[in-house]
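Asker: Kindly generate the corresponding structure for this input.
(2 chains)
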Amino acid sequence: MATYILRRLMEAVFILIGITMITYALLYLIPADPVRQIAGRSATPETVENIRQQLGLDLPFYEQYWRYVSALFQGDLGRSYLQKTEVSELIASRLPASLLLMVAAISLELLMGLVMGTISAVRRNSAVDNSLMVISFVGVSAPQFVVGIIFLYIFAVKLNWFPIGGYGTFHHLVLPALTLGFMGAGWYSRMMRSSMLNVLGQDFVRTARAKGLGKARVIVRHAVPNALLPIIAMIGIDIGIFMSGIVVVESVFGWPGIGQLAWQAIQRVDIPIIMGVTLVAACSIVLGNLLADIIAPFVDPRIKLK
Amino acid sequence: MTYQQNHHPVLEVRNLITRVATPAGAKTVLDNVSFTLQAEETLCLAGESGSGKSVTALSIMGLLPPSARTTQGEILLEGRNLLDLSDRQMQKIRGGDIAMIFQEPMTSLNPVMTIGRQLKEAISIHQDVYGKEADAKALRALDAVRISESKRRMVQYPHELSGGMRQRVMIAMALSCNPKVLIADEPTTALDVTIQAQILTLMNELKKDFQTSIILITHDMGVVAEMADRVAVMNSGRIIEAQEVKKLFQAPSEAYTRALLKAIPRLGSMKDTPSEAKQLTPEGKPQTPVLEVRDLTVRFDINGGLLNRPVSRVHAVEKLSFDLFPGETLALVGESGCGKSTIGKSLVSLISAKGTIKIDGQEVTGLSAQELLPVRRKIQMVFQDPYAALDPRMTVGDLVGEPLVIHKLAHGRELIDRVENLFNRVGLPADAMARHPHEFSGGQRQRICIARALSLSPKIIVADESVSALDVSVQAQVLDLLQELQQELGLSYLFISHDMAVVEQVCHRVAVMLLGEIVECGPRDIVFSNPQHPYTKQLLDAVPIADPTVRRKERFLPQGEVPSPVRSLDYKPEIRSFNNLGQGHFVREYA
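Answerer: Numbering: from 1, shown residues only, chains lettered A, B, ... in the order given. All right, here's what the predicted structure looks like:
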């Protein structure tokens, strides 16, 4: 187990280096000039050149990248071009809000998705199944900024149940978490439904019935634990999708997390912040997948980590 | 036997009709099925697939799929009609009064629950005992089925147990609540013959210990002869004939039963037919083998550790050598995991192997894909499962013609002509070419697979368990076809099989495999009448004989499990020499 985790972490280092390379190259290739953003429109060419030299942006691409990566290995994420603050500090101040939102949204989507999927599978082809699948279809297909705005309109503007935006109380959390979790709930309900249908047709479910177990017990004790197995691997991958969702949802609801930070940085070509947030996102995806793989053998005794 | 005519019936099924909803309307799958089961009796429901055996069992258990319904009839358990009971009442019956075990021990247990918990669950709901007491009862149930190290099994998961052990656990679970009736649906079909012998013996012993009546569902007339007091033969949803077992085998009254009994391959039926030697030409000169295998070795690494390096190794095939002569059928027999299928795959270069393989005089190992192409034409394969071996989205005409297209041997009108020809040759109408695989029965599909293998006019066909998935009557037809083709075309077969009776029928020579090595090899008649290696003897002894009069009281029972070919990295295989007993009969040295 320990060797397995160690090996995976070693792999993770290479993955992260690869990600810095790709992100850096992409940022270099985009036509926007960060120095113009910093200096403003009225700056003289000399000032622009000065700033460029200060930030090392006049150096060749590979040298810029080398500087970044060597600093990174010393734990230095660099300074924001515009806010003049350490990127690590900025991220540290924003991360708790994002984590809170993520935990809430993941719990919500799993709860909704798994329950909906199980009910759908057990009541296969009934009216209940059909209506749940319509809801899940909306979840899967509607863009999050649309869903977020509709939720805002209904629950905040019309019904006045929740605040329009902001951060601080449980009330503030509900709508963003719901918006973020809605799409996942759609995915998970579909996956859980097909996974359950598959499991319900398996021999051991028949064995459980032949033992004399009641229907509810067969479903809860025998079918659901087995149907969850493929879902667990998905949760790891899901964190990646979440990361992109968070950028949108935090902006719609004014949630002060790293998604919002990233959104602002992208608009101003604040390269160190973009790099920092990308790395945090990549780390969380790698760790999320690792976590899913570590949990798997506890849920499925057939899996051995090697 | 213990069977007595005047026992009172435990279970009585009267005029049972079960229907299944299909897109084409309701289909009757059980048509007026009636039978009785006496106390401590074993009743075999015998018949081919689709005859309604399993549906009968599921109807009794009330476990029919949602699309099926019992529309008429009575199922009386000691006088009580089960069809009148509510679902809650039926739960008490299921696992309590009537228990059931299934065909697939590999999938019939919940993979994420320990053996102990699964056993206790059954005990708790029917006997209202929990905790320590339930533990003790579960352990006693495991001991009753004579499983080794029963305490340890309690905390193990199903995947840690072999197939035979899992079936023992299923039996323990079924008997844990002292059921009046045990329904066993093909309980040994998925198991190796030696393990099958163990399980059948166990069931007979437990029947006495627990005073349980057994309904045994099987397609294998050998198992019927071995186990049954009475037999009900089923065909297309009806009971054709119900008889005391000896009467049924001696004097079957129905034509269907006679045909069924006639189709079974019987071990020993070829005793008086000497096997042809194909090593010599008709003029008596030595033949050149069409396939020469020397020191074939296939090993698979199992990786692990920090750098994902090999930690142990599967010795699937070890230094194996044999020849196959023109027009000859060489059978490779052995139990699961002995490496017989690996040999087949390495011969057609589907997996890489060490050693030399010469096909028609040409060395195959080390050839590039391009160089391999012409050699591949000479050796083709027919697989076990005709349902999985054909791409469901292609027409069967395209499937049979595909090898010709790949090898650029025919196109256009010529291609169609050749495919038509192949269809005729395997006994299928040429107008079937435009249809898809799902429109054919299992036997027809296997004919299609054979036609595909023949399309390149190969010299050798590797038949990997090619008739194992077929019903006996269909199996007999396909075997006949293979033999006809051999005579017509001079084909050589490498016939890979676990079924000793089938092997005896078709092969000229036989090689018995254990743990990746041949332990005995020789002409069919000599090996079958005078086996030398203890493993060959054990295999032959374990085969159920389709004759109730020669039922052996004391079986020579192989103990334990089929051994595993997984070894440590530094394992050096023992090199043992072969004793030549003359007439081409070789036996590996044994302790």
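
Asker: Show me which helix or strand of the chain is least confident by mean pLDDT.
Answerer: Went with chain A since none was named. Ranking every helix and strand in chain A by mean pLDDT, DSSP states H and E puts helix A:34-39 at the bottom, with a mean of 78.

Asker: think we crossed wires, I meant chain B
Answerer: None of the helices or strands of chain B scores lower by mean pLDDT, DSSP H and E than strand B:566-568, at a mean of 81.

Asker: On the C-terminal side of the helix or strand where residue A:89 lies, identify the next helix or strand.
Answerer: Secondary structure from DSSP states H and E places residue A:89 in helix A:87-122. Going down the chain from helix A:87-122, the next helix or strand is helix A:127-141, by DSSP H and E.

Asker: circling back to that earlier point, tell me how far the least confident helix or strand of chain B lies from the chain's centre.
Answerer: 27 Å (Cα atoms, centre = their mean, to the nearest Å).

Asker: give me the number of residues near residue A:255?
Answerer: Close neighbours of residue A:255, defined as other Cβ atoms under 10 Å in any protein chain shown, add up to 25. All C-beta atoms are positioned from the backbone trio N, CA, C, and that covers glycine.

Asker: In terms of pLDDT, where does it sit?
Answerer: Note for residue A:255: predicted pLDDT of 88.

Asker: thought it was touching residue A:167?
Answerer: Yes - assessed by Cβ atoms under 8 Å, residue A:255 is found in contact with residue A:167 at 5.8 Å.

Asker: who touches both of these two?
Answerer: Here residue A:255 and residue A:167 have residue A:97 as joint contacts, going by Cβ atoms under 8 Å, 6 or more residues apart in numbering or on different chains.

Asker: re earlier: the helix holding residue A:89 versus helix A:127-141: what angle between them?
Answerer: Orientation check (axes from the mean of the first three to the mean of the last three Cα atoms, to 10 degrees): helix A:87-122 against helix A:127-141 gives 160 degrees.

Asker: now check helix A:87-122, is it near chain B?
Answerer: No - for helix A:87-122, no contact with chain B is found by Cβ under 8 Å from any Cβ of the partner chain; the gap never falls below 11.4 Å.

Asker: and that helix, what does it pack onto?
Answerer: helix A:127-141, helix A:170-200, helix A:224-253, helix A:258-267, helix A:271-299 (3 or more Cβ pairs under 8 Å, 6 or more residues apart in numbering or on different chains; DSSP states H and E).

Asker: Among those, which comes closest to residue A:8?
Answerer: helix A:271-299 (5.2 Å; Cβ to Cβ).

Asker: Residue 261: what's it in contact with?
Answerer: Picked chain A for this. Shown here is residue A:261, whose contacts under the criterion Cβ under 8 Å, 6+ apart are A:90-91, A:94, A:273, A:277.

Asker: think we crossed wires, I meant chain B
Answerer: Shown in contact with residue B:261 (Cβ under 8 Å, 6+ apart): B:221, B:249, B:252, B:546.

Asker: Name the next helix or strand downstream of the host helix or strand of it, please.
Answerer: According to DSSP H and E, residue B:261 maps onto helix B:255-263. The C-terminal neighbour of helix B:255-263 among helices and strands, as given by DSSP H and E, is strand B:291-304.

Asker: quick one: average pLDDT of stretch B:476-490?
Answerer: Stretch B:476-490 shows a mean pLDDT of 91 in the predicted model.

Asker: Now tell me what touches that stretch from outside.
Answerer: Stretch B:476-490 is contacted from outside by B:263, B:265, B:326-327, B:329, B:425-427, B:443, B:446-447, B:450, B:454, B:457, B:459, B:463, B:466-467, B:470, B:491-493, B:502, B:505-506, using Cβ under 8 Å, 6+ apart.

Asker: what's the burial count for residue 99?
Answerer: Unless you meant another one, I'm taking chain A. Residue A:99 is flanked by 13 other residues according to other Cβ under 10 Å.

Asker: think we crossed wires, I meant chain B
Answerer: Counted with other Cβ under 10 Å, the neighbours of residue B:99 add up to 29.

Asker: And for residue B:11?
Answerer: 24.

Asker: Helix, strand or coil: sort out it for me.
Answerer: Judged by DSSP: H, G, I helix; E, B strand; the rest coil, the three-state class of residue B:11 is strand.

Asker: before we move on, what about residue B:56?
Answerer: Look at residue B:56: counting by three-state DSSP, its state is helix.

Asker: how many other residues sit next to it?
Answerer: Residue B:56: 28 neighbours (other Cβ under 10 Å).

Asker: Out of the contacts of stretch B:476-490, which sit inside strands?
Answerer: Those of these mapping onto strands are B:329, B:463, B:492-493, per DSSP state E.

Asker: Pairing partners for the nearest residue to residue B:292 once chain neighbours are set aside in the sheet, please.
Answerer: Nearest residue to residue B:292, sequence neighbours excluded (Cβ to Cβ, 6 or more residues apart in numbering or on different chains): residue B:358, at 4.1 Å. Beta bridges link residue B:358 to residue B:292, residue B:363 when assigned by DSSP bridges.

Asker: neighbours around residue B:358, how many?
Answerer: Look at residue B:358: counted by other Cβ under 10 Å, it has 18 neighbours.

Asker: ok, the residue of the stretch 201-350 of chain B found nearest chain A - how many residues close by?
Answerer: Nearest residue of the stretch 201-350 of chain B to chain A (Cβ to the nearest Cβ) works out as residue B:304 at 3.6 Å. With neighbours defined by other Cβ under 10 Å, the count for residue B:304 comes to 17.

Asker: I'd assumed residue B:569 was in contact with it.
Answerer: No - counting by Cβ under 8 Å, residue B:569 is not a contact partner of residue B:304; they are 11.2 Å apart.

Asker: tell me, what's touching these two both at once?
Answerer: Common contact partners of residue B:304 and residue B:569 (Cβ under 8 Å, 6+ apart): residue B:311.

Asker: host element of residue A:27?
Answerer: Assessed by DSSP H and E, residue A:27 sits inside helix A:2-29.

Asker: So which bits of the stretch 1-150 of chain B are right by chain A?
Answerer: Within the stretch 1-150 of chain B, the residues that sit near chain A (Cβ under 8 Å from any Cβ) are B:61, B:63, B:87-88, B:91-96, B:99-100, B:102, B:104, B:107-113, B:121-122, B:125-126.

Asker: thinking again about what came up before, mind listing what's buried along the helix holding residue B:261?
Answerer: B:256-257, B:260-261, B:263 (16 or more other Cβ atoms under 10 Å in any protein chain shown).

Asker: elements contacting the host helix or strand of residue B:511?
Answerer: Using DSSP H and E, residue B:511 sits in strand B:509-514. Counting contacts by 3+ Cβ pairs under 8 Å, 6+ apart, strand B:509-514 packs against strand B:329-333, strand B:517-523, helix B:524-529, helix B:534-542.

Asker: quick one: strands adjacent to it?
Answerer: Sheet pairing for strand B:509-514, assigned by DSSP bridges, gives strand B:329-333 (parallel), strand B:517-523 (antiparallel).
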